[in-house]
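> I need the structure of the sequence given here:
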Amino acid sequence: MTPSGPAFQPQMQAPMMTKVRSDGAPMAKVLSDGVTKTVSGGAVTRVPSDSMSKVSSDGTYMSRVSSSRDASGIFKAVEEMDAEVREICQRIDTDHNGCISKLELIAAVQRDATVAAFVLPDQDAEHRSDEETFDAVDAIFDQIAAGKQRIKYTDLAAHFQKEASTNKMDNTDELRKFYDLIDADKSGSISKLEIIAAVQANKEVADFLLPNLDGADHVMESEATFDAINSLFQTIAGGKRRIDFADFKAYFKKVISVQAARPICREGTRVFIIGPGFGQQLNPRQSAMITNAGYQAHFCHGIPNPETPNFPVQQYLDHIKEEMDAFGPDVVCAASKGGVYLIGLWQTGLWRGPSLLINAHPSCKEMPQGVPVVLAQGGNDEVYPTSRADLERLISSGTDNTCFLYYVANSGPMASGQRTRIGDRHNMESLLFRDCLPRLIDATLCADGPEAHMLRSWRERLSDERQQAEQWLGHSPELLRKRWATRGMDEEKLIEVLPGTEEFAHVMAMFRATPKEPPVYSVTPQATWDQVQVRAIHRVENGPQLDGCTKPYFESLRRNLEDQGVEFEPGTHTCWAFHGARSEAIESIVSNTVAGFQPLASGTRGANVWGSGTYFARDAKYVADGGFCGQPAADGTRQMLVCLLMTGVPCLGDPDHKGVLPFRNKPHRYNCSVDSLSSPEIFIVQHPGSALPAYLITFA
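Take a look at the predicted model:
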């Protein structure tokens, strides 16, 4: 289908006097410069005169925030934290300022067994050395802080919640339980026969190994169930005759579907914006989008245009730093000429934390090491015109997986000469739609890197119904095969999915679904689409194609990403999409025993607007609207394929892409291309194994 340096300096604080309890522990900090103080349970709590300061319900002072925003969000977030985690944070935060420094965390682990058990749950306190403890806590703080000098209570809580979630997903004890249930002869390895016997005898094992598959207790009477177990065993064993526990654990770690994107509390996130170049007056919607998203935003004004000749940037960095110290940002943003200041902050080490740079200033020659950076640039930038190749070289100068280029360029021309998308100019219009600018800010804070966050956020553009349908159907070839009625070796590759079944309903939900935001490509009214009738749904069961082409590519893609330090996530690095073609082409795709799609021969019938390859659409409506299904049959019906794509890490497409995509991390290239890095509606794949035809929908 062809479509139309150094760490950030500590915050400056007024001189303090410490009141000590009778047991010698610090009771509270009392400022000497005339602040008010309150008493709670006999303890003195400092309360700065800043009207935005606040004391929590337990009398603990909570961190000072910008007077330009209501801080209720961050206070609410802390108050709603798990009581145990909140208590741990308060035990660590000895100066009760609502933030935790690296020194406070290390000292708390050394002196407090409760804190140590929480922060280092897998280490034996009696047998670890001081150096081992120091190194472990030091690494944990750096992972949470992402370059910042201090972390908030909510940062610490989110980190350990993620750890708990990861441990739950990869629960060794649970996996060991199932493994031991299968290993009937207690030999330490399991055979295919043992798996079959365990599935027949134990429903819990059957449900774990073969979710959503009926008839597991009648393995020897069901070709589909037997084939599912056979395929599962081959995948785990990798050619061996028996499976050991390491094989078992590794497999079930990699097939777990991706969870929802890790939430970032915008109300508790402080965004520091360098005023010059950000366009509060010339482009006020950009600034308004940040404040309307709920962030605590602080605009740094009072600094001049840095693009005058011989401008003394260093002279003004101290002023910016003073405001940053007072505000305590999580993210620093700059745009256009304001980028000169951000570059200065990087180079002098005054800021080494999450950063968003809109329009790279010509003086930006490399990214800072170890700093999460999102760079946003338009392909039609008339102020700082920069080639895509130069931007890609710039972003690759940063630390692997910490920098992300959000690039918005023109599509190639269609046969009519029109373009399907127009790239951004200097004001970057695309940032104002589909929650894009806030998502880029969130991306800088993602522990897994900004690119990972943006890819996960693409699913948020889908309707809830479609997300649920995709989750049920699964995001890996093996999960799809578990529903096959045959071994996929018969000449007939299409098996009807009966109306009224759960499978039929979920495929229908994907077909009918409309995205949360209006799509870019829309030809006919929604009311017209609602009248489309689905006449039949057939499941594609082509064993040789899946085993010989799709599965090897799926495994190769997983290894490729892991070699780059990217954890492979089905549902993030795979997705569902639609493909339309003439009836004879669909027949070839479905029945071909080697590879259904031939990307090198695709994209040539019409305009090659995003480069060569096989084109897929996120939305079924676009496939039908665009006339990509060929001429209707005699009965007025048309057909389209529902496909599982192995997308990996995509880049923006380009009409000059001729089957070879740019490098992401040499020697590794991007895995596919898309029409938008904000909310893609078109996917272009360049490898035959990266698309698996799963269902054929006949509609009128």
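
> residues contacting stretch 400-408, please?
With contact meaning CB atoms under 8 Å, 6 or more residues apart in numbering, stretch 400-408 is reached by 367, 370-379, 388, 391-392, 394-396, 423-424, 428, 430, 440, 443, 448-452, 454, 564-566, 652, 665, 676-678. Bear in mind the C-beta positions are built from the backbone N, C-alpha and C, glycine included.

> among the residues you listed, which are in strands?
In this view, the contacts of stretch 400-408 that belong to strands under DSSP state E are 373, 374, 375, 376, 377, 378, 652, 665.

> neighbour count, pLDDT and distance to residue 412 added to those residues, as CSV?
Below are the ones in strands among the contacts of stretch 400-408 laid out as CSV (neighbours: other CB atoms under 10 Å; pLDDT from 0 to 100; distance: CB to CB, whole Å):
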residue, neighbour count, pLDDT, distance to residue 412
373, 23, 97, 29
374, 28, 98, 26
375, 24, 98, 24
376, 24, 98, 22
377, 26, 97, 19
378, 27, 97, 17
652, 25, 98, 12
665, 15, 92, 26
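
> what about residue 656, which SS state?
coil (DSSP: H, G, I helix; E, B strand; the rest coil).

> based on its surroundings, how many neighbours for the closest residue to it other than its chain neighbours?
Spatially, and ignoring its direct neighbours in sequence, residue 656 is nearest to residue 611 (6.9 Å; CB to CB, 6 or more residues apart in numbering). As a burial measure, residue 611 scores 23 neighbours (other CB atoms under 10 Å).

> looking at this, residue 611 is in a strand?
No. Read with three-state DSSP, residue 611 is coil and lies in no strand.

> remind me which residues of the chain are low pLDDT?
1-81, 122-128, 146-147, 161-171, 211-224, 238, 253-263, 280-282, 600-607 (pLDDT under 70).

> give me the domain ranges for it.
16-169, 172-254, 266-456, 461-699 (automatic domain parsing).

> just to revisit the earlier point, from the ones in strands among the contacts of stretch 400-408, which is closest to residue 503?
Checking these against residue 503 with CB to CB, the nearest one is residue 652 at 34.7 Å.

> got the contact list for the closest one?
407, 408, 409, 673, 674, 675, 676, 677.

> what about the closest residue to residue 520 other than its chain neighbours, neighbour count?
Closest residue in space to residue 520, ignoring its immediate chain neighbours: residue 681 at 5.9 Å, by CB to CB, 6+ apart. Residue 681 sits with 22 neighbouring residues when counted by other CB under 10 Å.

> you'd agree residue 681 is up against residue 616?
No. At 9.9 Å, residue 681 does not count as touching residue 616 under the criterion of CB atoms under 8 Å.

> picking that back up, which pair of the contacts of residue 652 spans the longest distance?
408 and 673 (13.9 Å).

> and stretch 533-550, end to end?
With CA to CA, to the nearest Å as the measure, stretch 533-550 spans 31 Å from end to end.

> list the buried ones in it?
By neighbour count with 16 or more other CB atoms under 10 Å, stretch 533-550 contains the buried residues 534, 536-543, 545-547, 549-550.

> distance of residue 319 from residue 116?
Per CB to CB, to the nearest Å, residue 319 is found 41 Å from residue 116.

> just residue 566 next, same as before
32 Å.

> those two: who's more crowded?
residue 566 (24 against 18).

> verify the stated contact: the more buried one with residue 664.
No. Using CB under 8 Å, residue 566 is not in contact with residue 664; the gap is 9.4 Å.

> list residues touching both of these two?
With CB under 8 Å, 6+ apart as the test, residue 566 and residue 664 both reach residue 649.

> next, the residue lying closest to residue 489 once chain neighbours are set aside: phi, psi?
Of all residues not flanking residue 489 in the chain, residue 543 sits nearest, at 5.1 Å (CB to CB, 6+ apart). Reported as degrees, to the nearest 10, the phi and psi values for residue 543 are phi -60, psi -50.

> next: residue 297.
phi -110, psi 140.

> and for it, the neighbour number?
24.

> separation between it and residue 329?
On the measure of CB to CB, residue 297 and residue 329 end up 10 Å apart.

> overlap in contacts of the two?
270, 271.

> my guess is residue 181 contacts residue 198, does it?
Yes. Using CB under 8 Å, residue 181 is in contact with residue 198, at 5.9 Å.

> which of these two has more neighbours?
Neighbour comparison, residue 181 and residue 198: the larger count goes to residue 198, with 22 against 16 (by other CB under 10 Å).

> contacting residues around residue 561?
By CB under 8 Å, 6+ apart, the neighbours of residue 561 are 567, 568, 573, 648, 649.

> cutoff 7 Å now
By CB atoms under 7 Å, 6 or more residues apart in numbering, the residues touching residue 561 are 568, 573, 648, 649.

> and if you look at residue 233?
Per CB under 7 Å, 6+ apart, neighbours of residue 233: 192, 195.

> returning to what we had before: is it correct that the residue nearest to residue 656 is in contact with residue 675?
No. Applying CB atoms under 7 Å, one finds residue 611 not in contact with residue 675, separated by 10.4 Å.

> name the residues contacting each of the two.
Common neighbours of residue 611 and residue 675 (CB under 7 Å, 6+ apart) are residue 653.

> for stretch 577-585, give me every contacting residue.
Residues contacting stretch 577-585 (CB under 7 Å, 6+ apart): 1, 589, 616-618, 620, 623, 628-630, 639-643, 645, 683.

> so which of the residues you listed sit within strands?
Per DSSP E, the contacts of stretch 577-585 map to strands at 616, 617, 639, 640, 641, 642, 643, 645, 683.

> now rank those residues by neighbours and give me the top one.
Busiest of the ones in strands among the contacts of stretch 577-585 [other CB under 10 Å] is residue 616, holding 29 neighbours.

> list the contacts for it?
If you count contacts by CB under 7 Å, 6+ apart, then residue 616 has 1, 577, 578, 579, 643, 645, 683, 691 around it.

> kindly recompute the last result at 10 Å.
The contact partners of residue 616, by CB atoms under 10 Å, 6 or more residues apart in numbering, come to 1, 3, 575-580, 597, 623, 641-643, 645, 647, 672, 674, 681-685, 690-691.

> and the residue nearest to residue 656, its phi and psi?
Dihedral angles for residue 611 - degrees, to the nearest 10 - are phi 110, psi 170.

> neighbour count for the contacts of residue 561 - can I get that in JSON lines?
Converted to JSON lines, the contacts of residue 561 look like this (neighbours: other CB atoms under 10 Å):
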{"residue": "568", "neighbour count": "21"}
{"residue": "573", "neighbour count": "25"}
{"residue": "648", "neighbour count": "27"}
{"residue": "649", "neighbour count": "22"}
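
> which two of these have the greatest separation?
Farthest-apart pair in the contacts of residue 561 is 568 and 649; separation 10.2 Å (CB to CB).

> burial count for residue 302?
11.

> same deal with residue 433?
Residue 433: 14 neighbours (other CB under 10 Å).

> now residue 362
Counted with other CB under 10 Å, residue 362 comes out at 12.

> so who does it touch?
307, 339, 340, 383, 384, 385, 386.

> pretty sure it is in a strand, no?
No. Counting by three-state DSSP, residue 362 is not part of a strand but coil.

> ok, and the closest non-adjacent residue to residue 646?
Per CB to CB, 6+ apart, closest to residue 646 is residue 690, 4.5 Å.

> list the residues that contact residue 204.
177, 178, 181, 198.

> so which bits of the one helix or strand it maps to are buried?
Residue 204 is part of helix 203-209, with elements assigned from DSSP states H and E. Neighbour-count burial for helix 203-209 flags 205, 206, 208, 209 (criterion: 16+ other CB under 10 Å).

> next, count neighbours for the nearest residue to the third one once chain neighbours are set aside.
Computed as CB to CB, 6+ apart, the closest residue to residue 208 that is not its neighbour in sequence is residue 178, at 5.5 Å. Other residues near residue 178 come to 17 when the count uses other CB under 10 Å.
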